[in-house]
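Enquirer: Fold the following.
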Amino acid sequence: MSDAPLILGIETSCDETGIAVVHGFDVRSSVLASQTDVHSRFGGVVPEVAARAHVEAVRPLAHEAMMDAGVHPSDIDAIAATRGPGLVGSLVVGLSFAKSLAWSLGVPLLGIDHMEGHLFAPRLETASQNGSDFTPPAVVVLASGGHSQIVHVADWGRYEVLGETIDDAAGEAFDKLARFMGLGYPGGPAIDRASDGGDPAAIDFPRALRDRPYDLSFSGLKTSVVTYLRKAKAAGAVPPLADVAASVQEAIVDVLVEKTFNAARDTGAKTVAGGGGVLANRRLRTKLAERSEAEGVALRLPSPDLCTDNGAMIAAAATFHLQQGTHSDWTIDVDPGLRL
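Expert: All right, here's what the predicted structure looks like:
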């Protein structure tokens with residue numbers, strides 16, 4: 001590992017400022033400034049507010065990450081930052097800071113695809129966490145507030161998006177339904193907590209696009225849940241909140257698991273992995289593990305804190321590209337609609 005690059009990774013695609021120092025695929029430090037409290041009063045992320053919060057957080061957080069790692073800025077071999085997809089204002093803050101820092105240190109700059117960062121997250125785990133041997137080919141489910149995709153990773157740098165959401169992403173569905181149910185923001189963790197003790201089979205909410213093996217859809221689920229709860233309230237027969245939350249969660253989880261293993265079966269991949277904030281969901285992790293064992297397929301999931309947006313995953317993807325001899329030039333710009 002001594003010849004591996006020491007990279008400072010910066011992630012500012014949405015509402016969390018994540019900065020990390022990574023040596024090869026060993027996380028030396030990873031710090032995060034969350035904006036959850038700021039946006040919770042609005043029930044979702046306000047782009048202008050998010051960008052301003054990144055401006056305030058990015059510089060002191062970079063210093064904190066380097067101090068935690070015990071490194072001096074002059075020790076850094078490269079600077080990496082998310083260039084897309086994401087909120088344009090948030091992306092501009094991170095990439096602009098990365099450009100300035102890389103220029104001042106005289107080191108390479110790498111603009112990284114946020115979703116590729118999530119692909120690399122399982123590689124950051126230690127052997128004891130069952131992730132360091134994560135090697136392609138693999139099928140990876142990426143699920144977050146803005147994106148839901150099923151990706152075939154033939155090799156690092158060779159990706160094929162087999163399926164994706166045609167409307168709401170899984171995390172977006174969690175957020176919208178949690179808000180309707182009065183559970184707050186962010187919706188995924190709120191519904192996960194509310195589901196404790198609930199019966200996931202209490203209400204049979206729909207699983208969409210059964211005739212399309214890899215594509216996802218969650219807007220119909222949202223409509224179904226809202227309609228069901230309004231009718232139940234009018235009839236004075238609203239079921240226990242835990243049952244509703246567990247049933248909603250099960251509908252989302254079932255689809256993600258089924259589509260992922262459809263892809264694993266059809267590609268012949270013997271490894272399944274995941275990334276993105278939704279992969280921190282306890283029920284999803286449990287069902288992926290159960291299905292992997294039943295199918296005889298290896299499962300590689302990041303720890304929950306590496307599922308959500310973080311600078312370490314950006315540095316990990318940058319490590320791969322730098323080792324391939326590639327980096328960005330100074331004209332690179334953000335791309336809010338960047339596709340893997």
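Enquirer: just the strands in the stretch 151-300 of the chain please.
Expert: 158-164, 271-275, 298-300 (DSSP state E, counting those that start in this stretch).
Enquirer: Turn the ones you listed into CSV, including distance to Ile252.
Expert: The way it works is simple: take the backbone N, C-alpha and C, and place the C-beta from them, glycine included. As requested, these are exported to CSV (distance: least, CB to CB, whole Å):
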stretch, distance to Ile252
strand 158-164, 15
strand 271-275, 14
strand 298-300, 19
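Enquirer: Report the contact partners of Ala121.
Expert: Residues counted as contacts of Ala121 (CB atoms under 8 Å, 6 or more residues apart in numbering) are 275, 302, 306-307, 310, 312-313, 316.
Enquirer: And the buried ones among these, selectable in ChimeraX?
Expert: Remark: buried members of the contacts of Ala121, expressed as a ChimeraX selection using 16 or more other CB atoms under 10 Å:
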select :275,302,306,307,310,312,313,316
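Enquirer: and the contacts of Ala121, which of them are in helices?
Expert: 306-307, 312-313, 316 (DSSP state H).
Enquirer: among the strands of the stretch 151-300 of the chain, which is the most enclosed?
Expert: Of the strands of the stretch 151-300 of the chain, the one with the most neighbours on average (mean count of other CB atoms under 10 Å) is strand 271-275, at a mean of 25.
Enquirer: what's the average pLDDT for it?
Expert: Taken as a whole, strand 271-275 has an average pLDDT of 96.
Enquirer: Check stretch 63-81 too.
Expert: 98.
Enquirer: for that stretch, how far is the first residue from the last?
Expert: 16 Å (CA to CA, to the nearest Å).
Enquirer: For that stretch, list every residue counted as buried.
Expert: Quick answer for stretch 63-81 (16+ other CB under 10 Å): 65-66, 69, 71, 76-81.
Enquirer: show me the contacts for the closest residue to Gly220 other than its chain neighbours.
Expert: Distance criterion CB to CB, 6 or more residues apart in numbering; nearest residue to Gly220, sequence neighbours excluded, is Ala208 at 4.9 Å. Neighbouring residues of Ala208 by CB under 8 Å, 6+ apart: 216-218, 220-221, 255.
Enquirer: This completes my enquiry, with thanks.
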